[in-house]
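Novice: Show me the folded form of this:
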Amino acid sequence: MIDGFLALYIFMLAAFCGHEIIAKVPVILHTPLMSGSNFVHGIVLVGAMVALGHADTNIERTIGFIGVLLGAGNAAGGYVVTERMLDMFKSSSRKEG
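Specialist: Okay, the predicted model is just below:
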C-alpha cells in the first residue's frame, strides 16, 4: 500500500515540476524542446513494451497494451507536430536554378 502512495506522490511531483518547467519555456525554444521530448517519448515506449513483456495477468497485459498504444501515438504525434513546425520555417519561394 505504501508503494502505491509513493508512486502517486512521485507522479504528482513530476507532473507539477513538468508543468512549471514547460510553462516558462520561450516560444523560440519550443522546437528544440519538442525534439528532446520526442526522444523521451521513445524511451517511454520502450519501457511500456518491456512492462508488457513482463506482464503475467490479463489486467497487467491490458494496461501494458494501453501503455504501448498511447506511447506509440504520443511519439508519432510528436514527430508529426515537429515536422509541421519545421515546415513553417522553410521559405515559401523556391529558387530554381
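
Novice: From residue 28, how far off is residue 72?
Specialist: Remark: distance between residue 72 and residue 28 (CB to CB, to the nearest Å) = 29 Å. Quick note: C-beta positions are derived from backbone N, CA and C, even for glycine.

Novice: Go ahead and flag the most central residue of this protein.
Specialist: The residue lying closest to the centre of the chain (CA atoms, centre = their mean) is residue 41, at 3.5 Å.

Novice: Do a quick rundown of the helices in this structure.
Specialist: 2-23, 30-53, 58-88 (DSSP state H).

Novice: Pull out the buried residues from the second one.
Specialist: Think helix 30-53. Residues of helix 30-53 classed as buried: 34, 38, 41-42, 44-45, 48, 52 (neighbour count, 16 or more other CB atoms under 10 Å).

Novice: Could you figure out how far the lowest-mean-pLDDT helix or strand in the chain is turned away from helix 58-88?
Specialist: When the helices and strands of the chain are compared on mean pLDDT, DSSP states H and E, helix 30-53 comes out lowest with a mean of 79. Angle, helix 30-53 to helix 58-88, by axes from the mean of the first three to the mean of the last three CA atoms, to 10 degrees: 160 degrees.

Novice: just checking, what packs against helix 30-53?
Specialist: Using 3 or more CB pairs under 8 Å, 6 or more residues apart in numbering; DSSP states H and E, the elements in contact with helix 30-53 are helix 58-88.

Novice: What count of nearby residues applies to residue 68?
Specialist: 20 (other CB atoms under 10 Å).

Novice: contacting residues for it?
Specialist: Residues counted as contacts of residue 68 (CB atoms under 8 Å, 6 or more residues apart in numbering) are 45, 48-49, 52.

Novice: go again using 6 Å as the cut-off
Specialist: Counting by CB atoms under 6 Å, 6 or more residues apart in numbering, residue 68 touches 48-49, 52.

Novice: what do you get for residue 44?
Specialist: Contacts of residue 44 by CB under 6 Å, 6+ apart are residue 71.
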